[in-house]
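K.L.:
return a 3D structure for these sequence lines:
(chains A, B, C and D)
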Number of protein chains: 4
Amino acid sequence: MRNIAFFGLGNMGASMAINLLKAGHVVSVFDLVQSQVDKLVEQGAMGAASDKQAVENAQVVISMLPAGKHVKSLYESILNSCNENTLFIDCSTIDASEAKELNSIVTQAGHRFVDAPVSGGVAGAAAGTLTFIMGGEAQVVEEAQTILKGMGKHCFHAGGAGAGQIAKICNNMLLAVLMAGTSEALKMAMDNGLDPAVMSEIMKQSSGNNWTLQNYNPVPDVMPNVPSSNNYEGGFMVDLMNKDLGLAASAATQSNSLTPMASIAKSLYHLHGLKGNGKKDFSSIFESFCNTKR
Amino acid sequence: MRNIAFFGLGNMGASMAINLLKAGHVVSVFDLVQSQVDKLVEQGAMGAASDKQAVENAQVVISMLPAGKHVKSLYESILNSCNENTLFIDCSTIDASEAKELNSIVTQAGHRFVDAPVSGGVAGAAAGTLTFIMGGEAQVVEEAQTILKGMGKHCFHAGGAGAGQIAKICNNMLLAVLMAGTSEALKMAMDNGLDPAVMSEIMKQSSGNNWTLQNYNPVPDVMPNVPSSNNYEGGFMVDLMNKDLGLAASAATQSNSLTPMASIAKSLYHLHGLKGNGKKDFSSIFESFCNTKR
Amino acid sequence: MRNIAFFGLGNMGASMAINLLKAGHVVSVFDLVQSQVDKLVEQGAMGAASDKQAVENAQVVISMLPAGKHVKSLYESILNSCNENTLFIDCSTIDASEAKELNSIVTQAGHRFVDAPVSGGVAGAAAGTLTFIMGGEAQVVEEAQTILKGMGKHCFHAGGAGAGQIAKICNNMLLAVLMAGTSEALKMAMDNGLDPAVMSEIMKQSSGNNWTLQNYNPVPDVMPNVPSSNNYEGGFMVDLMNKDLGLAASAATQSNSLTPMASIAKSLYHLHGLKGNGKKDFSSIFESFCNTKR
Amino acid sequence: MRNIAFFGLGNMGASMAINLLKAGHVVSVFDLVQSQVDKLVEQGAMGAASDKQAVENAQVVISMLPAGKHVKSLYESILNSCNENTLFIDCSTIDASEAKELNSIVTQAGHRFVDAPVSGGVAGAAAGTLTFIMGGEAQVVEEAQTILKGMGKHCFHAGGAGAGQIAKICNNMLLAVLMAGTSEALKMAMDNGLDPAVMSEIMKQSSGNNWTLQNYNPVPDVMPNVPSSNNYEGGFMVDLMNKDLGLAASAATQSNSLTPMASIAKSLYHLHGLKGNGKKDFSSIFESFCNTKR
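P.N.:
Numbers count the residues shown, from 1 in each chain, chains lettered A, B, ... in the order given. Here you go, the predicted model:
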């Protein structure tokens, strides 16, 4: 059982904090949206009047915020109010270089830091089945893991500080490539008269096999209970994929990495978003290969 | 047991014909390279003096030739010498439109046709573990399958005539996308200091999972017994991938399909081949993302 | 003055035939659409009851048809009815390999052939300011030129049979690259607060200078009297650019040429057409880089 | 006549400072490489013992440094030693966001700032024929122009602070697209048997016309006195184009601009550089479309 200060009670964060309470931790929460704080207090959390108050007794600080600048600004505000040797776990998806900067800020102040971006979405946060991809020192990562397991199913240790962010965006960058590539292959088969369900089955048992064919077929009505069979609602939004592809492009520029496949996938998703599809599930990229004018 | 005329005793074809003999079929062979015919005769095949002689008693004609024009020229030569209702099985990888044309030629002459391109390579041909992807009428496909099973492990029925070719190149087109996309994601992770084995493991258990990570990791020494750990020798050559990507581009042009991901993968493989890597395994595309000048 | 049989009285063809009449030639016309024939007869042409009748006295056969198959079918129909040593000039934009095939058919029958695709559009056809890009033997091209000059301003001799088609699609392929590349550069400048007119002027005087900046700025209201300043109406339709990019892709596949820039331009134009913009001018690709949802 | 402090005496900078002397200005120079300072003193410049000393009497500060961090570090060092209302002109090619940051630093200290990246290369610097693309307030730009004219032929005012950098990289990004697109079009024509000189001429007179065809043909021996006719030596190096494409990618990420054409051009140049061509002229991208293995 730990004393945890939790910041960022959005759709994901609120569910995560509730699971920490269920796991028996003492959780202080602070958020600019008071109604979200109230909701957590009802579940047993302690509501703090300020970010500084939230960390008063905390051994662990967990953040789940929209962008790197929010995390940085939070850390700068609370750092001097924190107890000695506090463990900072940032679950936000942010630029890898920002994660490294946060690590410097935190460790120079005598604390410990782990970047631990999540995948699994709102549903995974509610169900406590998130995946955490962590960057940091082995010992610190191990300790963070004991806490994160209350909110998720899988924890990976990708490498040093920032490595969690890099691993997450490399994975999501590849996911965009898989989804766009699978979509165009299935559409081309259909354009030649093949049944997408038959084609999907053949590729699943061949060298074209990939996560999207197994779990997330982009063609409507090939697979039940996936966004493509539900008007591309739910799932992982095009806007969020575009955010991750932007972070990937930024990281690639910084490390001077060559990512031609991801670049074209990024262009396709960007074009798709510009045409008003930002709130649809990311498998709707299949639609961009189809004649949608009637 | 069937009487089979087999044409095309290259590396793949010779092994396939031997497996037909082992399965108990009577096999007549003809090839322009006499030494290949002799090799088969040693294994129990009947050597024919001409293509026409080879089909004299045949109920089934199987071809395994380099390109569509060779198959067409063979068929035009033997068609009138064939027995009534002969079953033509073309295992060559050719243009889908050529396969449809072969189907017309054969069926108009009163015979039956199946296109059945293979995957699995020279090793699979020798071991009898090939995969056949078939196009044609259900009944004909079913009959062909009883024979092909002597040479392979998996048979898929993709659709009508030509569908076998389409399904094969759609799969291989997607494979090129998976291999290039996985390579650049792993390289980017490495450029940021991550261990490719760790990154591969994380993506295998996440949404980046695909056939290349499971069976064919492109980074040297991440996986044993794959071409990347053996100087990119063996496996599936860049030149052959380029052939398949050319067939895919041709089919896409004909069906007016939009394949941006495959187009860029094709450019990358083309550039890679132009730099003298045509005989390397196709996973060597990973190297094109690396600084190879020292 | 020559006796000319003219086939293909569409928007372009009708204007071209009228200009031949104005230049003093005797022109026989045949078309499946009788009203178009009538229109030409009013202008002084002789209406023929069949394609064969049209060539009865012809020394020259000019065709302006939608696709290679139409030209081939016309030639097969009239070839035996033609006078000795007839000069065939095909102004249609078709596959280069088809043009070479037409050349074979025509020369083997003892006639002469020039492929002479045009650029300049409907306006250029009416004004007699078309550009012809010709492929064929030097002497034949020279003779053809004396006739074509009645319909156009520029004639280029690109090389042997088929070279006219190759040169035209290489040019138009590059044009698509220029238009898409210029559009994205201007949009990026605008996204950073720059005035597109100022940016256009700077690039025109720098190394970014190209035909689209000089004659056909894609940003609305930078230049007067261009399609972008008129709701992208008029000009050269997206559908026609897509046709040419398809011919280019087909030629590239046949000559095993590597065209990564054109491939991505082709994908962008294809996506743009799929969203209902096929009838707009091709400079409307600029819009695809903009947020069109409000 | 002005008192000018000049920083950055590399190949470009030294020539630029010499031209300022020739124009009659008083120039103080400081550089970490003493031999470069000595060289300028020989030409009439005053050598300073430190950056602070160099600005003692300066009304104008001109910098020509490799990257934004160098300029920032210089400004931070000298800002408090500068005379009131000093005019800062940064001619370095740096990130547009860095240029905006420099503008803030300088103007908040009561001085004036113009970003004025150059094009024209080492030859243009020596000949005094550079082009300057400026960002800043109209009045300040106008004053800067009177000084820059001593070193160049053309001055453009692109917009507010940072706009010079944006305009320069948008132009160079488009240039990369023009060069790669023109190269592949010419190579495809050649693959089909056309003469590159003939094809170049046709496109120059058609809608494919662009700066590279007019001034910098990438095919060897089509044009005299260009790098392609001199083993791709001289000119603008691939490494420098890659630097500019990196700045463009970074700016595009920041302004969320969609640049698919530039992305693929960037990948092509990156691949080309990785194969050991970084020091060649950027028109050598033509070679990457050719089979260079014999």
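K.L.:
which of the helices or strands spans residue A:154?
P.N.:
Using DSSP states H and E, the element containing residue A:154 is strand A:152-159.
K.L.:
can I get that strand as PDB, trimmed to CA atoms?
P.N.:
What follows is strand A:152-159, C-alpha atoms only, in PDB (Å, rounded to 0.1, in the frame of the first residue of the first chain):
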ATOM      1  CA  GLY A 152      -2.800  -2.900 -16.200                       C
ATOM      2  CA  LYS A 153      -2.000  -6.400 -17.300                       C
ATOM      3  CA  HIS A 154       1.300  -6.000 -19.100                       C
ATOM      4  CA  CYS A 155       4.400  -4.000 -18.200                       C
ATOM      5  CA  PHE A 156       7.400  -3.800 -20.500                       C
ATOM      6  CA  HIS A 157      10.800  -2.300 -19.700                       C
ATOM      7  CA  ALA A 158      12.100  -0.700 -22.900                       C
ATOM      8  CA  GLY A 159      15.300   0.800 -21.700                       C
END
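K.L.:
what does that strand contact?
P.N.:
A:118, A:120, A:124, A:128-135, A:138, A:141, A:145, A:148-149, A:164, A:166-167, B:193-195, B:198-199, B:201-202, B:205 (C-beta atoms under 8 Å, 6 or more residues apart in numbering or on different chains). The C-beta positions use only the backbone N, C-alpha and C, and glycine is treated the same way.
K.L.:
out of those residues, which sit inside strands?
P.N.:
The members of the contacts of strand A:152-159 that map onto strands under DSSP state E are A:118, A:130-135.
K.L.:
report pLDDT for the closest residue to residue A:21 other than its chain neighbours.
P.N.:
What sits nearest to residue A:21 in space, not counting adjacent residues and going by C-beta to C-beta, 6 or more residues apart in numbering or on different chains, is residue A:44, at 4.9 Å. Per-residue confidence (pLDDT) for residue A:44: 96.
K.L.:
repeat for residue A:294
P.N.:
42.
K.L.:
show me how far stretch A:43-52 is from its chain's centre.
P.N.:
Remark: stretch A:43-52 is offset 24 Å from the chain centroid, using C-alpha atoms, centre = their mean, to the nearest Å.
K.L.:
pull out the buried positions in it.
P.N.:
Buried residues in stretch A:43-52, counted by 16 or more other C-beta atoms under 10 Å in any protein chain shown: A:45-48, A:51.
K.L.:
with stretch A:277-290 instead?
P.N.:
Neighbour counts over stretch A:277-290 (16+ other C-beta under 10 Å) mark A:277-278, A:280-289 as buried.
K.L.:
what's the most distant pair in those?
P.N.:
A:278 and A:289 (17.9 Å; C-beta to C-beta).
K.L.:
before we move on, the earlier item: can I get the buried residues of stretch A:43-52 in JSON lines including distance to residue A:37 and secondary structure?
P.N.:
As requested, the buried residues of stretch A:43-52 are arranged in JSON lines below (distance: C-beta to C-beta, whole Å; DSSP: H, G, I helix; E, B strand; the rest coil):
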{"residue": "A:45", "distance to residue A:37": "8", "secondary structure": "coil"}
{"residue": "A:46", "distance to residue A:37": "10", "secondary structure": "strand"}
{"residue": "A:47", "distance to residue A:37": "5", "secondary structure": "strand"}
{"residue": "A:48", "distance to residue A:37": "8", "secondary structure": "coil"}
{"residue": "A:51", "distance to residue A:37": "12", "secondary structure": "helix"}
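K.L.:
nearest to residue B:171, of those?
P.N.:
Nearest to residue B:171 among those, with distances taken as C-beta to C-beta, is residue A:45, at 51.3 Å.
K.L.:
so that closest one makes contact with residue A:30?
P.N.:
No: using C-beta atoms under 8 Å as the test, residue A:45 is too far from residue A:30 to be in contact (10.0 Å).
K.L.:
between the two, what contacts are shared?
P.N.:
Taking C-beta under 8 Å, 6+ apart as the contact rule, residue A:45 and residue A:30 both touch residue A:37.
K.L.:
quick one: the helices in chain A?
P.N.:
A:11-22, A:34-42, A:51-54, A:68-78, A:96-108, A:121-127, A:138-148, A:163-191, A:196-204, A:211-215, A:238-254, A:260-272, A:285-288 (DSSP state H).
K.L.:
contacts for the second one next, please.
P.N.:
Going back to what we said before, that points to helix A:34-42. By C-beta under 8 Å, 6+ apart, the residues outside helix A:34-42 that reach it are A:9-10, A:14, A:17-18, A:21, A:27, A:29-31, A:45, A:47-48.
K.L.:
cool, the first one as well?
P.N.:
Judged by C-beta under 8 Å, 6+ apart, the contacts made with helix A:11-22 from elsewhere in the structure are A:4, A:6-7, A:9, A:27, A:29, A:36, A:39-40, A:43-45, A:62, A:64, A:91, A:118, A:121-122, A:125-126, A:128, A:130, A:147, A:150-151.
K.L.:
select only the buried ones of those residues in PyMOL?
P.N.:
In PyMOL syntax, the buried subset of the contacts of helix A:11-22 is picked out as below (16+ other C-beta under 10 Å):
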select buried, chain A and resi 4+6+7+9+27+29+36+39+40+45+62+64+91+118+121+125+126+128+130+147+150+151
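K.L.:
and stretch A:79-94 with chain D, contact?
P.N.:
No: Stretch A:79-94 lies out of reach of chain D by C-beta under 8 Å from any C-beta of the partner chain, never closer than 14.3 Å.
K.L.:
CA atoms of that stretch as PDB?
P.N.:
What follows is stretch A:79-94, C-alpha atoms only, in PDB (Å, rounded to 0.1, in the frame of the first residue of the first chain):
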ATOM      1  CA  LEU A  79       9.000  19.500  -7.100                       C
ATOM      2  CA  ASN A  80      10.000  21.400  -4.000                       C
ATOM      3  CA  SER A  81       7.000  20.300  -2.000                       C
ATOM      4  CA  CYS A  82       7.600  16.600  -2.600                       C
ATOM      5  CA  ASN A  83       8.900  14.200   0.000                       C
ATOM      6  CA  GLU A  84      12.400  12.900  -0.300                       C
ATOM      7  CA  ASN A  85      13.000  10.300  -2.900                       C
ATOM      8  CA  THR A  86       9.600  10.400  -4.400                       C
ATOM      9  CA  LEU A  87       8.800   8.100  -7.300                       C
ATOM     10  CA  PHE A  88       7.500  10.000 -10.400                       C
ATOM     11  CA  ILE A  89       5.600   7.900 -12.900                       C
ATOM     12  CA  ASP A  90       4.500   9.800 -16.000                       C
ATOM     13  CA  CYS A  91       1.900   7.800 -18.000                       C
ATOM     14  CA  SER A  92       1.200  10.600 -20.500                       C
ATOM     15  CA  THR A  93       2.200  10.100 -24.200                       C
ATOM     16  CA  ILE A  94       4.700  12.800 -24.900                       C
END
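K.L.:
and the closest residue to residue A:91 other than its chain neighbours, what pLDDT?
P.N.:
In this structure, residue A:91 finds its nearest non-sequential neighbour in residue A:64, 4.7 Å apart by C-beta to C-beta, 6+ apart. Looking at residue A:64, its pLDDT is 97.
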